[in-house]
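Asks: pasting the sequence and the predicted coordinates here, then a few questions.
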Amino acid sequence: MVDHLVNTEINSQRIAAVENCFGASGQPLAVPGRVLLGEGILTKECRKKPKPRIFFLFNDILVYGSIVINKRKYNSQHIIPLEDVTLETLPDTLQMKNRWMIKTSKKSFVVSAASLTERKEGISHLEECIRHLLTKTGRQPSTEHAAPWIPDKATDICMRCTQTKFSTLTRRHHCRKCGFVVCGDCSRQRFLMPRLSPKPLRVCNLCYKQLLAEKKKEAEADRRQPEPFHTAMPSYEPSSGDDSDKSDDDKVDQWPADTEFYTSEVSWSSFHS
């Protein structure tokens, strides 16, 4: 389908229509070799409550945004490179069915389809595009993923100290490392995670201790490396981008750091083509 549609007038018109719906708030989407393969509406599990989002599947990127007027106006455009995407099916909950997770190195989130068929078809289309792109580029599937944020309504108390009760005055916060809902006292620390942002991000106390330990271990490993005799020129690490959506006491028995809130037992998910 990609080879058939690339460089065709119909493909150009479809991409132009998507750009027009996002207007000036969106980024240009028309690039050589890019093909629009499908679109549809999924329910995204946001921090406050589930919300409908429009999704567009291209042969190299996944684009989604908020719906202002369906088929006419969208905003809050997000662009995800497909080579960074990993999919995971999730079991149904009482509130949401046909769930699946879209995991990337910068942001991971849960969506649900209107039916089981749409979920299966959506995952199938996405996985096929990802496989094709990885084969074309020679890259390996991504193995590092950002933790999805636990929805606010999933808990009334801090998931770290298990003592603080949230209220109108006591705000909920999210640890950018584990995604837990935590209170202010349990998330006073900030830590630089270049993969997520160029600025230090809020983390819970437990994750802060773990990140410090990892950093110390890496520093010790670097010190053990033999010094080169000479260096022709300095080397530089590539810069990282920024992508964000929005600590911890020792009392973590009820909420261990490796708790899996999103476990997969059933095929969950899918983008409507």
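Replies: Looks like it came in fine.
Asks: which residue ranges of the stretch 1-150 of the chain form strands?
Replies: Using DSSP state E, counting those that start in this stretch, the strands of the stretch 1-150 of the chain run over 36-45, 50-58, 61-69, 73-81, 86-89, 99-103, 108-112.
Asks: okay, the ones you listed in JSON lines with mean pLDDT, distance to H4 and mean neighbour count next?
Replies: All C-beta atoms are positioned from the backbone trio N, CA, C, and that covers glycine. Below are those laid out as JSON lines (pLDDT from 0 to 100; distance: least, CB to CB, whole Å; neighbours: other CB atoms under 10 Å):
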{"stretch": "strand 36-45", "mean pLDDT": "95", "distance to H4": "11", "mean neighbour count": "20"}
{"stretch": "strand 50-58", "mean pLDDT": "96", "distance to H4": "15", "mean neighbour count": "19"}
{"stretch": "strand 61-69", "mean pLDDT": "97", "distance to H4": "19", "mean neighbour count": "18"}
{"stretch": "strand 73-81", "mean pLDDT": "96", "distance to H4": "23", "mean neighbour count": "17"}
{"stretch": "strand 86-89", "mean pLDDT": "96", "distance to H4": "25", "mean neighbour count": "19"}
{"stretch": "strand 99-103", "mean pLDDT": "96", "distance to H4": "27", "mean neighbour count": "24"}
{"stretch": "strand 108-112", "mean pLDDT": "96", "distance to H4": "28", "mean neighbour count": "23"}
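Asks: among those, which is nearest T170?
Replies: Each of these has some distance to T170 by CB to CB; the shortest is strand 36-45, at 22.9 Å.
Asks: tally of neighbours for L211?
Replies: L211 is flanked by 16 other residues according to other CB atoms under 10 Å.
Asks: spit out the contact partners of it.
Replies: Applying CB atoms under 8 Å, 6 or more residues apart in numbering, we find L211 in contact with K177, F191, M193, V203.
Asks: closest to R160 among those?
Replies: Of the contacts of L211, the one sitting nearest to R160 (CB to CB) turns out to be V203, at 10.9 Å.
Asks: how about the contacts made by M96?
Replies: Listed by CB under 8 Å, 6+ apart, the contact partners of M96 are T43, E45, P50, V110, S112.
Asks: if we use 10 Å, what do you get?
Replies: M96 makes contact with T43, E45, P50, L90, V110, V111, S112, P151, W268, according to CB atoms under 10 Å, 6 or more residues apart in numbering.
Asks: hang on, the earlier thing: and the buried ones among the contacts of L211, selectable in PyMOL?
Replies: In PyMOL, selecting the buried portion of the contacts of L211, with burial taken from 16 or more other CB atoms under 10 Å, looks like this:
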select buried, resi 177+191+193+203
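Asks: reformat the contacts of L211 as JSON lines; add distance to R72.
Replies: As requested, the contacts of L211 are exported to JSON lines (distance: CB to CB, whole Å):
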{"residue": "K177", "distance to R72": "39"}
{"residue": "F191", "distance to R72": "42"}
{"residue": "M193", "distance to R72": "38"}
{"residue": "V203", "distance to R72": "41"}
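Asks: having no further points to raise, I will conclude here.
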